[in-house]
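1. got a predicted structure here, sequence first:
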Amino acid sequence: MAEPLDFEALCALVPGLRDTEAATRAVSDDGGELFCANNAWFAIKRRLDDLLGVWRRPVPKEAAELATRLSRAEAYETAFEHLYPLLPPCRNCGCSRFQPLRVEQLREFRA
């Protein structure tokens, strides 16, 4: 099995991933009553789904091995682990109680 790809390697292979990173960095907390990083993530996730993971569709003339690697959950999770922390933290929303569960799920996934 091929070595796992880190975020930089994914960026070299996937056109549009740097644009998705830039869009993630551009998200800001406007200082209103609340900010929900998970709500902001949904727009980023739609972009990421087109590029990596199980919802990704192969690019024309793309090598089958590369298409398979980029379509795996590991590729998506690697990008998620890089991108999601770039969002401002949740503030005054209900998500904060679910974050420890997500961290534990990722830990189990990586084990």
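-> The structure has been received and is ready for your questions. Numbering: from 1, shown residues only.

2. ok, residue 10 touching residue 16?
-> No - using C-beta atoms under 8 Å, residue 10 makes no contact with residue 16, being 10.8 Å away. (Each C-beta comes from the backbone N, C-alpha and C, glycine too.)

3. quick one: the strands in the protein, in order.
-> Read by DSSP state E, the chain holds no strands at all.

4. which one's more surrounded, residue 10 and residue 16?
-> Shown here are residue 10 and residue 16; by other C-beta atoms under 10 Å, residue 10 has more neighbours (21 against 13).

5. state the pLDDT value of the more buried one.
-> We have a pLDDT of 96 for residue 10.

6. tell me which residues in the longest helix belonging to the chain are buried?
-> Longest among the helix segments of the chain by residue count, using DSSP state H, is helix 37-51. Buried positions in helix 37-51, judged by neighbour count with 16 or more other C-beta atoms under 10 Å: 37, 38, 40, 41, 44, 45, 47, 48, 51.

7. would JSON lines of those residues with pLDDT and distance to residue 104 be doable?
-> Output for these, formatted as JSON lines (pLDDT from 0 to 100; distance: C-beta to C-beta, whole Å):
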{"residue": "37", "pLDDT": "92", "distance to residue 104": "18"}
{"residue": "38", "pLDDT": "89", "distance to residue 104": "16"}
{"residue": "40", "pLDDT": "92", "distance to residue 104": "22"}
{"residue": "41", "pLDDT": "94", "distance to residue 104": "18"}
{"residue": "44", "pLDDT": "95", "distance to residue 104": "22"}
{"residue": "45", "pLDDT": "94", "distance to residue 104": "20"}
{"residue": "47", "pLDDT": "93", "distance to residue 104": "26"}
{"residue": "48", "pLDDT": "95", "distance to residue 104": "22"}
{"residue": "51", "pLDDT": "95", "distance to residue 104": "26"}
